[in-house]
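**Q** one predicted model, sequence on top.
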Amino acid sequence: MPVISRYQNNPILTKDNVPYEVATVHNAAVVKHNNQYIMIFRSHRLNGRSILGKAVSDNGFDFKVAPKPFMTPSKDGIFAEYEEYGIEDPRITLIDDEYLITYSAYSRHGVRIGLAKTKDFINIRRLSLITEADYRNVVIFPEKFNGLYARLDRPHSEISPWSVWISYSPDLIYWGESKVIMKPLTYHWDEMKIGPGAPPIKTQKGWLNIYHGVFSTMDGSVYRLGVALHDLKDPSQIIAVADEWILQPEEPYEITGYVHNVVFSCAAVPENDGSVKIYWGGADKVMCVGTANINDLVDLCLNKPRKPY
Ligand code: BMA
């Protein structure tokens with residue numbers, strides 16, 4: 001039995017559903033807000049640079065796209081310089097009544113992470129660029145630890161396979177106390193690089209972290225999803241990482257697209273019945289969803305673990 005059941009009508013959103021011209025719809029953040037599901041999705045424009053769109057749904061499966069993009073590269077101040085080549089792969093965390101949106105900001109200087117805030121998904125305020133280059137995949141925990149915000153991220157390195165780190169901040173602007181907490185495992189499905197996926201979900205046994213792992217083949221990279229469990233009080237402590245992946249490219253829209261063999265997640269929405277809707281981009285071209293039981297994912301970490309590194 002697969003641990004994630006793919007929704008029968010996948011893909012749930014494609015470029016054909018977007019009322020402005022784009023080449024893809026993928027790697028979306030999704031949250032529940034006022035009894036609706038808000039999706040902030042990435043699209044490549046026809047020049048290959050990315051923007052963010054917005055779609056809304058009553059049930060988490062059927063989304064309607066807003067007539068205009070949600071965020072495009074900034075034209076103002078410091079953000080303009082660092083978003084010149086596009087903005088990508090948003091993640092959203094609700095904390096203190098505000099939604100924090102992190103996204104990759106591309107420019108001639110590399111890739112760094114922007115942080116924007118919104119309360120209503122109408123008014124958005126860019127707060128800060130919270131990393132230097134090169135970083136991707138920042139997810140912020142929905143709770144503070146000893147008064148500090150915490151985030152997982154993935155810096156690039158020339159001398160180590162790209163790994164998951166944790167950092168803390170008193171104010172969302174200055175970040176520190178960074179340390180590496182999880183690394184790719186050699187000759188394993190995630191051996192090439194790993195990165196945080198959805199913002200962590202609180203469970204009784206720990207923070208559930210849905211991450212992506214990449215395996216290099218003669219035919220390019222294969223992106224899969226895996227799960228890890230972090231200590232509830234000290235998320236830098238990893239209780240267990242599941243040895244097996246939870247999702248890999250299998251459907252035609254995951255195997256072929258803009259980049260082949262990719263499932264890439266930026267969002268998971270826990271539901272009151274113990275299930276979770278996991279959203280992923282298929283082959284960097286379409287949006288997909290599946291459901292899993294949160295306890296099954298936790299058990300996979302605990303019953304069949306591998307070492308964090
Ligand atoms: C990663 C990022 C993701 C993308 C993935 C597969 O490096 O660029 O946005 O989904 O590659 O192409």
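**A** Yep, that arrived. Given the structure is predicted, the values throughout are model-derived calculations rather than measurements.

**Q** quick one, longest helix in the protein?
**A** helix 294-303 (DSSP state H).

**Q** gap between whatever residue of the stretch 51-200 of the chain ends up closest to the ligand and residue 280?
**A** Nearest residue of the stretch 51-200 of the chain to the ligand: residue 89, at 4.8 Å (Cβ to the nearest ligand atom). C-beta coordinates here come from the backbone N, C-alpha and C atoms, glycine included. Per Cβ to Cβ, to the nearest Å, residue 89 is found 12 Å from residue 280.

**Q** residue 49 now?
**A** To residue 280, residue 49 is 22 Å away according to Cβ to Cβ.

**Q** can you list the residues of the stretch 51-200 of the chain near the ligand?
**A** 88, 89 (Cβ under 6 Å from any ligand atom).

**Q** can you pull out the helices in the stretch 51-200 of the chain?
**A** In the stretch 51-200 of the chain, the helices defined using DSSP state H, counting those that start in this stretch lie at 77-82.

**Q** ok, now the stretch 201-309 of the chain?
**A** Per DSSP H, counting those that start in this stretch, the stretch 201-309 of the chain carries helices over the ranges 252-255, 294-303.

**Q** picking up where we left off before, residue 49 and residue 280: which is more packed in?
**A** Between residue 49 and residue 280, residue 280 has the larger neighbour count (other Cβ atoms under 10 Å), namely 32 against 17.

**Q** can you list residues touching both of residue 89 and residue 280?
**A** Common contacts of residue 89 and residue 280 (Cβ atoms under 8 Å, 6 or more residues apart in numbering): residue 264.

**Q** tell me the contacts of the closest residue to residue 104 other than its chain neighbours?
**A** Of all residues not flanking residue 104 in the chain, residue 88 sits nearest, at 4.3 Å (Cβ to Cβ, 6 or more residues apart in numbering). The contact partners of residue 88, by Cβ under 8 Å, 6+ apart, come to 27, 42, 50, 103, 104, 106.

**Q** one more time with 10 Å, if that's ok
**A** 26-27, 42-44, 49-52, 103-106, 111, 136, 266 (Cβ atoms under 10 Å, 6 or more residues apart in numbering).

**Q** cool, and residue 80?
**A** Neighbour list for residue 80: 73, 74, 107 [criterion: Cβ under 10 Å, 6+ apart].

**Q** one step back: if you count contacts, what does the longest helix of the chain end up packed against?
**A** Counting contacts by 3 or more Cβ pairs under 10 Å, 6 or more residues apart in numbering; DSSP states H and E, helix 294-303 is packed against strand 201-203, strand 206-217, strand 220-230, strand 238-242, strand 263-270, strand 275-282.

**Q** mind putting these in CSV, mean pLDDT included?
**A** Listed next are these as CSV, based on pLDDT from 0 to 100:
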stretch, mean pLDDT
strand 201-203, 98
strand 206-217, 98
strand 220-230, 98
strand 238-242, 98
strand 263-270, 98
strand 275-282, 98
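
**Q** tell me which of the ones you listed lies nearest to residue 253.
**A** Closest approach to residue 253 among the helices and strands packed on helix 294-303 is made by strand 275-282 (4.4 Å; Cβ to Cβ).

**Q** specify the angle between that closest one and helix 294-303 in degrees.
**A** Calculated by axes from the mean of the first three to the mean of the last three Cα atoms, to 10 degrees, strand 275-282 forms an angle of 80 degrees with helix 294-303.

**Q** in its sheet, which strands sit next to strand 275-282, and in what direction?
**A** If you go by DSSP bridges, strand 275-282 pairs up with strand 263-270 (antiparallel), strand 286-293 (antiparallel).

**Q** picking up where we left off before, what's the closest of the helices of the stretch 201-309 of the chain to the ligand?
**A** That would be helix 252-255 among these, by Cβ to the nearest ligand atom, at 11.3 Å.

**Q** got the contact list for the nearest residue in space to residue 107 that is not next to it in sequence?
**A** Using Cβ to Cβ, 6+ apart and skipping residues adjacent in sequence, the residue nearest residue 107 is residue 84, 4.3 Å away. Contacts for residue 84 (Cβ under 10 Å, 6+ apart) come out as 49, 73, 74, 105, 106, 107, 108, 109.
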